[in-house]
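> structure of the sequence below:
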Amino acid sequence: MAVFFNELAVLIFYKKKELENHLSFLREEGKRIGLIPTMGALHQGHLTLLNYAKEYCDIRLCSIFVNPTQFNNAEDMEKYPRPIEKDINNLKEAGCDLLFMPEVDEMYAEGEEWHINLEGLDSILEGAFRPGHFQGVTQIVKKLFDIAKPDIACFGQKDYQQYLVIEKMVHLLKIPVELKLCPTVRETDGLAMSSRNIRLSDRGRNQALIIYKSLIYLKQHIRRETIEKSKVKAIEMLESIPDLKLEYVEICDLDSLEPLTDYTTNESVIALIAVWIDGVRLIDNMIIEVEN
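Next up is the predicted model:
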């Protein structure tokens with residue numbers, strides 16, 4: 001049953017059929033639906049997605065679902081923060097219209113299988129270090145698209161490879177939804193907002209600033225020196241932090257995420273970094289635009 005949370009303006013659904021019926025009614029009224037899929041532990045980055053969606057739709061639907069099929073590590077899933085009451089209050093203050101918050105057995109049947117050929121996009125970078133992760137991502141996002149049938153869906157740039165994977169799935173399956181990419185939201189010191197940041201100690205959070213500093217270095221230097229030389233320097237910067245475990249630093253084509261060895265001024269590229277700090281895995285990226 002759909003409920004209001006303490007008479008607030010966020011209408012909450014736990015069952016997909018009830019949400020489908022409500023959205024069908026709204027569509028009959030000519031309303032455009034915008035979907036913001038999340039796993040909860042909402043921060044300003046998520047709320048910015050809600051604000052971003054306002055320009056393109058009439059009804060903003062947020063989902064909160066910690067999706068088991070995209071976790072490679074059961075312990076990581078267990079540690080994932082779930083501050084539900086705080087999340088609901090944040091959504092209310094952000095003017096969210098609808099919240100979908102299903103249980104696992106509402107979204108998955110026992111023994112359910114899924115595979116989509118993402119043409120290698122799911123096996124590089126994040127996919128190489130988290131095998132099967134993007135199959136889980138596409139599996140749950142496809143389910144959400146089938147339920148909500150949104151006109152638009154908004155995703156953050158911090159998870160850029162995830163955005164490209166979902167874009168690939170939408171193209172392959174001809175799903176009638178328009179995807180929107182929202183710029184990464186950062187703290188005042190440059191740290192990319194992430195639900196995982198709350199698991200960092202004060203020392204770890206301070207150490208994590210090296211990620212942003214390394215991205216800035218790459219942005220400023222790949223035009224002045226070779227990509228390889230810039231990457232070596234960025235790696236040195238990251239590995240100067242005690243106990244930091246580096247997974248990758250790459251400069252890639254913006255559309256295919258193919259690693260680049262030469263930078264040409266007629267192409268935008270993206271720099272991507274993944275590290276472990278304080279036992280927490282952090283990713284970030286920066287799009288390096290064409291110089292006019």
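
> every contact and neighbour count from this point should use C-alpha atoms.
Noted.

> just the strands in this protein please.
All strands of the chain, identified by DSSP state E, fall at 3-4, 11-13, 33-38, 59-64, 98-100, 152-156, 178-182, 245-253, 269-277, 280-288.

> could these go into JSON lines alongside mean neighbour count and distance to residue 133?
Supplementary listing: these in JSON lines, determined by neighbours: other Cα atoms under 10 Å; distance: least, Cα to Cα, whole Å:
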{"stretch": "strand 3-4", "mean neighbour count": "13", "distance to residue 133": "32"}
{"stretch": "strand 11-13", "mean neighbour count": "20", "distance to residue 133": "26"}
{"stretch": "strand 33-38", "mean neighbour count": "23", "distance to residue 133": "15"}
{"stretch": "strand 59-64", "mean neighbour count": "23", "distance to residue 133": "18"}
{"stretch": "strand 98-100", "mean neighbour count": "24", "distance to residue 133": "22"}
{"stretch": "strand 152-156", "mean neighbour count": "22", "distance to residue 133": "17"}
{"stretch": "strand 178-182", "mean neighbour count": "18", "distance to residue 133": "20"}
{"stretch": "strand 245-253", "mean neighbour count": "19", "distance to residue 133": "16"}
{"stretch": "strand 269-277", "mean neighbour count": "22", "distance to residue 133": "15"}
{"stretch": "strand 280-288", "mean neighbour count": "19", "distance to residue 133": "14"}
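
> and of those, who's closest to residue 230?
Relative to residue 230, the nearest member of these by Cα to Cα is strand 245-253, separated by 9.6 Å.

> same for the closest one, what does it pack against?
The elements that strand 245-253 packs onto, with contact taken as 3 or more Cα pairs under 8 Å, 6 or more residues apart in numbering; DSSP states H and E, are helix 227-239, strand 269-277.

> quick one: low-confidence parts of the chain?
Across the chain, residues meeting the criterion (pLDDT under 70) sit at 1-8, 265-266, 290-292.

> was I right to think residue 250 contacts residue 269?
No - with contact defined as Cα atoms under 8 Å, residue 250 does not reach residue 269; the gap is 10.3 Å.

> sorry, back to before: in CSV: the helices and strands packed on strand 245-253, plus distance to residue 75.
Converted to CSV, these look like this (distance: least, Cα to Cα, whole Å):
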stretch, distance to residue 75
helix 227-239, 26
strand 269-277, 15
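
> tell me, how many residues neighbour the closest residue to residue 255 other than its chain neighbours?
Spatially, and ignoring its direct neighbours in sequence, residue 255 is nearest to residue 164 (7.6 Å; Cα to Cα, 6 or more residues apart in numbering). Here the number of neighbours of residue 164 (other Cα atoms under 10 Å) works out to 21.

> which stretches of the protein form helices?
Under the criterion DSSP state H, the chain contains helices at 16-28, 44-53, 74-79, 84-93, 104-107, 126-129, 133-148, 160-173, 202-207, 209-221, 227-239.

> just send these back as JSON lines, with distance to residue 277 too.
Converted to JSON lines, these look like this (distance: least, Cα to Cα, whole Å):
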{"stretch": "helix 16-28", "distance to residue 277": "38"}
{"stretch": "helix 44-53", "distance to residue 277": "21"}
{"stretch": "helix 74-79", "distance to residue 277": "14"}
{"stretch": "helix 84-93", "distance to residue 277": "25"}
{"stretch": "helix 104-107", "distance to residue 277": "30"}
{"stretch": "helix 126-129", "distance to residue 277": "16"}
{"stretch": "helix 133-148", "distance to residue 277": "20"}
{"stretch": "helix 160-173", "distance to residue 277": "21"}
{"stretch": "helix 202-207", "distance to residue 277": "6"}
{"stretch": "helix 209-221", "distance to residue 277": "10"}
{"stretch": "helix 227-239", "distance to residue 277": "11"}
